[in-house]
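Trainee: model this:
(3 chains)
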Amino acid sequence: MENQYADAHNVQIGVVYYPEHWDPSLWEEDIQLMKQTGVRVVRLAEFAWSRMEPSPGQYTFEWLDRALDLFAKYQIRVVLCTPTNTPPRWLTELKPDILPVFANGETHHPGVRGHRCYNSESLRDYGARIITQMTTRYGDHPAVIGWQLDNEYWVIDCHCDTCNQRFREWVQEKYGTLESVNREWGTVVWSGEYSDWSQVGVPYGGSRHQNPSYLLDFARFQWDSIAGFQRDQIRIIRENCPGHWVTHNFHTYPQRLNLYQIGADLDVAAFDYYPNTDPDKQATGPYSGALSLDVTRGIKRRNFWIMEQLSGPPGCWFPIWRAPYPGFIRAFSWQAIARGADTVVHFRWRSAVAGAEQFWHGLIDQSNVPGRRFREFAELCGEVNALASKLQGTEPANEAAILFSHEHLEALRIQPQAEGFDYYENVKDYHRALTKLGIGCDVIEWTQALDGYKLVVAPSFYLLNTEVTDALERFAAAGGTVIVTSRSGVKHMNNQHVMLPLPGLLAECTGVNVEEYDPLGRATIRVVDDAGHSYLGSQWCDVLSLHGAEAILWYDEDFYQGTPAATVNEFGQGKVYYLGTHLDEACLKHLFRGIAEELRLMMVPDLPEGVQIVIRAGITGSYLFVLNLSREPHQVSLPGTYASLLYGTERGNVLSLAPYGVDILQLS
Amino acid sequence: MENQYADAHNVQIGVVYYPEHWDPSLWEEDIQLMKQTGVRVVRLAEFAWSRMEPSPGQYTFEWLDRALDLFAKYQIRVVLCTPTNTPPRWLTELKPDILPVFANGETHHPGVRGHRCYNSESLRDYGARIITQMTTRYGDHPAVIGWQLDNEYWVIDCHCDTCNQRFREWVQEKYGTLESVNREWGTVVWSGEYSDWSQVGVPYGGSRHQNPSYLLDFARFQWDSIAGFQRDQIRIIRENCPGHWVTHNFHTYPQRLNLYQIGADLDVAAFDYYPNTDPDKQATGPYSGALSLDVTRGIKRRNFWIMEQLSGPPGCWFPIWRAPYPGFIRAFSWQAIARGADTVVHFRWRSAVAGAEQFWHGLIDQSNVPGRRFREFAELCGEVNALASKLQGTEPANEAAILFSHEHLEALRIQPQAEGFDYYENVKDYHRALTKLGIGCDVIEWTQALDGYKLVVAPSFYLLNTEVTDALERFAAAGGTVIVTSRSGVKHMNNQHVMLPLPGLLAECTGVNVEEYDPLGRATIRVVDDAGHSYLGSQWCDVLSLHGAEAILWYDEDFYQGTPAATVNEFGQGKVYYLGTHLDEACLKHLFRGIAEELRLMMVPDLPEGVQIVIRAGITGSYLFVLNLSREPHQVSLPGTYASLLYGTERGNVLSLAPYGVDILQLS
Amino acid sequence: MENQYADAHNVQIGVVYYPEHWDPSLWEEDIQLMKQTGVRVVRLAEFAWSRMEPSPGQYTFEWLDRALDLFAKYQIRVVLCTPTNTPPRWLTELKPDILPVFANGETHHPGVRGHRCYNSESLRDYGARIITQMTTRYGDHPAVIGWQLDNEYWVIDCHCDTCNQRFREWVQEKYGTLESVNREWGTVVWSGEYSDWSQVGVPYGGSRHQNPSYLLDFARFQWDSIAGFQRDQIRIIRENCPGHWVTHNFHTYPQRLNLYQIGADLDVAAFDYYPNTDPDKQATGPYSGALSLDVTRGIKRRNFWIMEQLSGPPGCWFPIWRAPYPGFIRAFSWQAIARGADTVVHFRWRSAVAGAEQFWHGLIDQSNVPGRRFREFAELCGEVNALASKLQGTEPANEAAILFSHEHLEALRIQPQAEGFDYYENVKDYHRALTKLGIGCDVIEWTQALDGYKLVVAPSFYLLNTEVTDALERFAAAGGTVIVTSRSGVKHMNNQHVMLPLPGLLAECTGVNVEEYDPLGRATIRVVDDAGHSYLGSQWCDVLSLHGAEAILWYDEDFYQGTPAATVNEFGQGKVYYLGTHLDEACLKHLFRGIAEELRLMMVPDLPEGVQIVIRAGITGSYLFVLNLSREPHQVSLPGTYASLLYGTERGNVLSLAPYGVDILQLS
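Mentor: Okay, here's the model as predicted:
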């Protein structure tokens, strides 16, 4: 792992702290306790604009100076934030063009947060001023190591006049002529042809059944808007803080923004990780969480930060979550580290006494009496600090990858295919099946190079071009195994349907044609393999004709009973599978297990429900993380005996894990 | 059947085609395949305004000339459409008064379709111009036979300034003075009296608990608005195309617009028929569909067109439907013809590659490779063409009728009576019970002449006047049988409650008084007959006192246990039944069967679930359609043996039908 | 009971009548029937503004004169209403500032009712004029005895310009400086600090996740607005009608307005009581109803009026309710009287023939033929008139009280604590458990004096100050028993979280600390007592440490299994219980029964489901009301034999009650 900012990859624990929310008399005491507990880093000031600039051009950084000096005094590092997520009231009053506008014309008034249009010139202008102040003041501060840009970007579908104008310009820039626009969007349908540029604008009213080519471009425009907004900020930081790195805290996947596009300009990716504490979510939550972490690692194909990690039950406008079970907080922090988080910053030091997030619980309650959660956190800090030097520089290294794309996600959001067909949920299903088999897997953007992988899963390559097709074919031809699924090759990149038999450009490598399809929706269908095992398909059924491929599963119901439900095609040195229906977990595990055996992938196929394993490896060695992310004790069979880094003992072939128990074993 | 436009009643199959969506190089090949398949008619251009008039007054009909000439070359007839459903962008930009306005003041922006206020002067003006161009250009074109007006009218509750003003004028015209308005609407309630005409306007905010007399008049105003909009178009067509007939494609019943009022100005009615492909809807869908077809036939009491017939799974902003089962497409086209459709136009030739309806599947997929659905369609074309001359001029002829009214539908929408009480759903229930008994029935407007019928069902004559009452009484007195149900005679036509014991004006002919009622809602109640059979009532219970009528069913629960639930009254030479609660299907079938036996109605009482029979008769003969609209094979017992028109063989007393199997037997 | 307006406390039956809705020829006949039936009072004119002032300054009271004279002629007393709930159309046209504005900027258009902003100067001005006219004209009228102000106040969250300005002034008045505002609302969170008064305004957009301190103050501002609106009206009535009392008809608890604040300026409280007629609600409805009545009695801690009592199934924009079962109407009127209603005014004399409420059924249907409901009403009138002199001056007198607060209600609405945690529903649960044990209980404002009670239940004292804490501690110290529940002592009155271990200020008297909590939401948890009985807790679990208290229940699940779920603490001469989870009904009954035995509270612990008992006592004697509010017959065991006031006989130890049977026994 190479990185020009080494301190971006320290293995350590941090906390989020809001000095501006608390009486200054509490600060030093708080920081002393952090230090004593083993906290190494804090995040500060992402919502503090009104405290740093209480009126236009009046800067009041003294409080922040003091806070930073205190952190420096106790050798705790600081990530500062650009405060643009919450423009102060004087600014939105002075420059109302900052406020976003919904599709129905209503203004997004201040009062909560995120009340800022990414394209607003006023926002960019006043934002640049405060960021310039912050970066010139703190570029050399001994405590400060990096910057978080804004907070939790969100595609807001702004319909303000600025966005309307910027979108028109974006379309002009992209297409040049109205003829191109009309052709690429297919506006002839429903008489929607543009005859003047003035007619091109944001989708007022915002209904889903607007032209899907247009809506997809409107999403891309928004991705570009956020990227542009972010680049303005990065430029200032690079100039004034050459030694600092920049990140952004992504959240709540799937996100409608393009993680890869935003991530490209960052030095390190970060994620806000709030695993669900509800016992009813125990069966799925730890697997969705694993996917979120792998997605985040895939943003830059490199280790990352957790910028907000669950520390107590969240609560806000929604009801408060269940209390985290003993061990929960620690175990999910270790899960994050296992999957490539280097620093895990817990949100937040102490629960708020004011504002909307009073029930978004921190490590310490408002009473300021540390309790069970804090004690568990302190244990975690000790463990991480003890292992930091070993884990430093290690990374998960996998031979399988899932290819993910925000293009598909957005296009399939615009035109849902079938009741229950959800692109991201399907990605979850593939990822979970692999995870339950103990097969580590990366999740990377669909256009990324595939070198080094043996298996790639390509769920619903809905939009497709020849570049990606060629890369996939090259990968397979060279001996790779590819899994293609239904709803692939359906569209051109402009979201117009191909005039080819499906799977379109992928028909050749898969060796199948989709003769027709049956959008099952909430119904299910029986499928069988040649050993007579029966499974369930759901969501969608492609009725296939084979042009070189061999069937491996057959439909066992409905009018296409007996026809192939899944196939495999020899392609060059490799194999391309086609899954015509969405297979249940048992079937996916059976399929993946066979492939893994064939490809000799590392696998622990009999993991108990809720137990996950991950290997981080690097120059210091190779470490096996075994995580019981459930309320029940479990035993895991391992191929040998290993030293436990956490407990210092040799562990036998059968590892016993308490509820939310964790162990880290030295493999080599 | 008399009709000045004979070609409006050819028995034939058509398709919807959009030449403007496809590369012109595909057109002739497409049309050749249509010809070869047996397609006799196409519908064109209902959304093509921007291609015919790309800027104000600039007309570009050359493409349409070429398309029409090609159709003429291959002797395929064309129905052209007025394109007013989708005003082009230059027009809504130039004349924003075209755009409808919702109750909350938001504009219905362009981007989808139907973005036009029926009352907009600009729409009517620019609409007249393009229609004048089209009709003068194509009035004599050899391919063109008729016109579809606009597309799928919809009551849009427009609140634009024009509508506000027009509604005020409409009220002035109807009532003359504010005193009359205040009296007829009962505005004294809640201090809503108008003291100046300026206060009269559309229902801003649009809440349901506005004055129901006012809301009903607002609906009637909208019916008049659409009728006026339509008459403007018809006038031009009549003038320029004296040899052409006009139609409109109604859709998705129940419709809030008044089908009968709109239908009065048309030469032929048309319906867009999309029977539900979901196996879960198999038990109800074919019966709702039968009702839709019978409703459409009742619009003009004459055969009709299907202007859009399901050809593949629809999909758009909603998830894609299930694939039609083998035979489904053919069977439902035959169902339409059986129930009085002469021409059935399939939607659409080929699925779109652009725009919002890419997944509204046509006969051929975007790949342009004809598949299973197309082969089934081709079979259908062959069959229909073979039988066309026999079926030409035949019509369903029934002795029973259901009396339907948009006045009741709208008034009961404004004031729902009980949870689960749904006027149209109840009409479905009566129609389905008759259909399952093999009793053919017309569905006609409640004010229509009843001559020729033996049985009329009058569900919930909620609003009532003396004219309709007198007609019903005359029918019964002359020997007819009438079925009256709860919620009849409740209101004057101004939607004010009568000051009479219910069923108000119908108390005399029914021989009952409603002493009180119990709005059951989602609950049910046991009812029994004198043979001790037990059934369920639902929705509503009238507690009756008898004034001449005899009880035939009794409540068997609640505080009115033992009192009559349904009655029959001898009235002149006939009988009037009163149903005090909504009876379940078993009970309705039992009741109708008894009545049918008494009245010697044609009936096949033991039809298997999903099998429907209909007779079309005319000078060429009398034909029995037997349709298995289900996924299971079925056998039907018939009174004799008949020649099969479809299969050319004699069929025995027991007719075996494959899933979605159809047969047509020559009765005489 | 002292009251300067004796006639406000007659025990009698009334009806609501709308002379302006009916042909004047019907009036005298109607009033004669009222007289003959035993009706003693009517309510008039709450929506009659347009009939009293059809245009600005033109007054047309002649019709009302005639109606009042007719009532005087038949010695029926009249409560008149101020008509401000429905400003006439000429007025809202002339003064559009009267119309409220929703959070999204839409105007609440006229057409229904309640279309008036309480703060509108125009409304207050024109309202004062018509009220001055009414009060000067009718101050001495022999029929008129009192006034209802407006109709069914509702917190409307108006966002009009007037409210925006008034709210700003209200904040200025309350806090003086922006520094105070920023501190008390904690605006530093999310950079929401105000730097200019112009930035302070109503919550446009209205989202729940705005600052909770601000939202609570916005609610309080609205309470003050309604109170101010009301005071303007009272001032005029006091001046012109010194002999008349004033009331308001509250409705549909829980109400977002502060009943106690509004009630403070009234002479007598009134409630609109529509018990649910649905058999499915039989198990809960009569208990919710009992609470509503007790809440109303608590508004002024004095007997009250029912201003609208159910007389038939309601129906309007919602479907019509079930018919009231025989005896239902009578029984629920007696329930109201039992719990402290003196006058019960039935809504309404005859069902409307016009307007939105045609299906809000009155005593007589639109046919004007009195039926079953009317006969039952007539029976009721006779009974009440026969007992009036005995019941006059009697009141329920209880030794237990539930302490209720609109501050908690609103604050917990702003920040829901857990799925299923509902402050008012919890109050219902405590009240129902007491009612099922036959323990009478008052429901009073939380700041009221507690003298005379032995037991007070203090559900979720979420916001707290030292005054209330001190009062509760004094009550307990002096020997009282207090029940404190989870979510108590959480907040300061400014809705900021305390920095204390919970239950904050109540930690001392309860003798417990909340170490942490688990927001169960929809889940449940087993709890056990020391006798091994098992119960269910729900919604929330506090994990407690004991500092003097003793455990009485223990959690029997989850990670805090075995720790205390409920405790009792000796405090001075009394006891303070703490309930850490929301206990099921069986557990609450067990707990309350034990406490009642210890405190020797009057109790009838084995009441059948649906049977309620209440004692009204005064100088004339003490009367036990036994009410069977169910569809099943029941028997009640009583400690002795008593004379039945209703039936004139001695009743044995076991009292048999028919469905909806009622008896009233003379205890002393």
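Trainee: Counting neighbours, what do you get for the closest residue to chain B within the stretch 351-500 of chain A?
Mentor: Nearest to chain B in the stretch 351-500 of chain A, going by Cβ to the nearest Cβ, is A:H497, at a distance of 4.2 Å. All C-beta atoms are positioned from the backbone trio N, CA, C, and that covers glycine. For A:H497, the neighbour count with other Cβ atoms under 10 Å in any protein chain shown is 22.
Trainee: What sits closest to it if chain neighbours are left out?
Mentor: Nearest residue to A:H497, sequence neighbours excluded (Cβ to Cβ, 6 or more residues apart in numbering or on different chains): B:V353, at 4.2 Å.
Trainee: need the contact list for the one you found.
Mentor: For B:V353, the contacting residues are A:186, A:496-499, B:21, B:366, by Cβ atoms under 8 Å, 6 or more residues apart in numbering or on different chains.
Trainee: Go through those and flag which are in helices.
Mentor: Among the contacts of B:V353, none falls in helices (DSSP state H).
Trainee: wait, which of the residues you listed is closest to A:R231?
Mentor: A:Q496 (30.6 Å; Cβ to Cβ).
Trainee: where does chain A have low pLDDT?
Mentor: Where chain A drops to pLDDT under 70, the residues are A:1-4.
Trainee: ok, now with 90
Mentor: A:1-8, A:205-209, A:316-317, A:606, A:638-640, A:648-653, A:668 (pLDDT under 90).
Trainee: Where does it get nearest to chain C, residue-wise?
Mentor: A:A354 (2.2 Å).
Trainee: is it true that that residue touches C:M499?
Mentor: No - the criterion here is Cβ atoms under 8 Å, and A:A354 misses it with C:M499 at 11.0 Å.
Trainee: In terms of neighbours, single out the busier of those two.
Mentor: Between A:A354 and C:M499, counting by other Cβ under 10 Å, A:A354 is the more crowded of the two (23 against 18).
Trainee: And the more buried one, how close does it get to A:Q172?
Mentor: Separation of A:A354 from A:Q172 (Cβ to Cβ, to the nearest Å) stands at 47 Å.
Trainee: Could you do A:V268 as well?
Mentor: For A:V268, the distance to A:Q172 - Cβ to Cβ - is 35 Å.
Trainee: between the two, who's got more neighbours?
Mentor: In terms of neighbours (other Cβ under 10 Å), A:V268 is the more surrounded of A:V268 and A:Q172; the figures are 23 against 14.
Trainee: Beta-bridge partners for the more buried one, please?
Mentor: When bridges are called by DSSP bridges, A:V268 pairs up with A:T247.
Trainee: Farthest-apart pair in the contacts of B:V353, please.
Mentor: Spanning the widest gap among those are A:V498 and B:H21, at 15.1 Å by Cβ to Cβ.
Trainee: how near is A:T277 to B:L64?
Mentor: For A:T277, the distance to B:L64 - Cβ to Cβ - is 64 Å.
Trainee: Please dump the contacts of B:V353 into JSON lines; it should also carry distance to B:G480 for every row.
Mentor: Compiled in JSON lines, those are given as follows (distance: Cβ to Cβ, whole Å):
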{"residue": "A:G186", "distance to B:G480": "57"}
{"residue": "A:Q496", "distance to B:G480": "59"}
{"residue": "A:H497", "distance to B:G480": "56"}
{"residue": "A:V498", "distance to B:G480": "61"}
{"residue": "A:M499", "distance to B:G480": "59"}
{"residue": "B:H21", "distance to B:G480": "52"}
{"residue": "B:Q366", "distance to B:G480": "55"}
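Trainee: wait, which of the residues you listed is closest to C:A565?
Mentor: Relative to C:A565, the closest of the contacts of B:V353 is A:H497; by Cβ to Cβ it sits at 61.1 Å.
Trainee: So the closest one sits against B:Q366, correct?
Mentor: Yes - with contact defined as Cβ under 8 Å, A:H497 reaches B:Q366; the gap is 4.6 Å.
Trainee: need the residues of the stretch 251-400 of chain A near chain C, please.
Mentor: Within the stretch 251-400 of chain A, the positions adjacent to chain C are A:278-280, A:313, A:315-323, A:325-326, A:351-359, A:365-369, A:371-373 by Cβ under 8 Å from any Cβ of the partner chain.
Trainee: Output the contacting helices and strands for the biggest strand by length in chain A.
Mentor: In chain A, assigned by DSSP state E, the strand with the most residues is strand A:512-529. On a contact count with 3 or more Cβ pairs under 8 Å, 6 or more residues apart in numbering or on different chains; DSSP states H and E, strand A:512-529 meets strand A:534-546, strand A:550-555, strand A:564-571, strand A:581-583, helix B:372-391.
Trainee: Could you give me the buried positions within the longest one?
Mentor: Residues of helix B:372-391 classed as buried: B:372-374, B:376-378, B:380-381, B:383-385, B:387, B:390-391 (neighbour count, 16 or more other Cβ atoms under 10 Å in any protein chain shown).
Trainee: got the contact list for the residue of the stretch 351-500 of chain A closest to chain B?
Mentor: A:490-491, B:351-354, B:358, B:366.
Trainee: what's the domain layout of chain A?
Mentor: A:45-266, A:400-599, A:611-666 (automatic domain parsing).
Trainee: Any idea how far the second one is from the middle of the chain?
Mentor: For domain A:400-599, the gap between its own C-alpha mean and the chain's C-alpha mean amounts to 22 Å (Cα atoms, centre = their mean, to the nearest Å).
Trainee: Contacts only, for the residue nearest to A:L599 when sequence neighbours are not counted.
Mentor: Leaving aside its sequence neighbours, A:L599 sits nearest to A:K454 (Cβ to Cβ, 6+ apart; 4.5 Å). Shown in contact with A:K454 (Cβ under 8 Å, 6+ apart): A:399-400, A:480-481, A:599, A:601.
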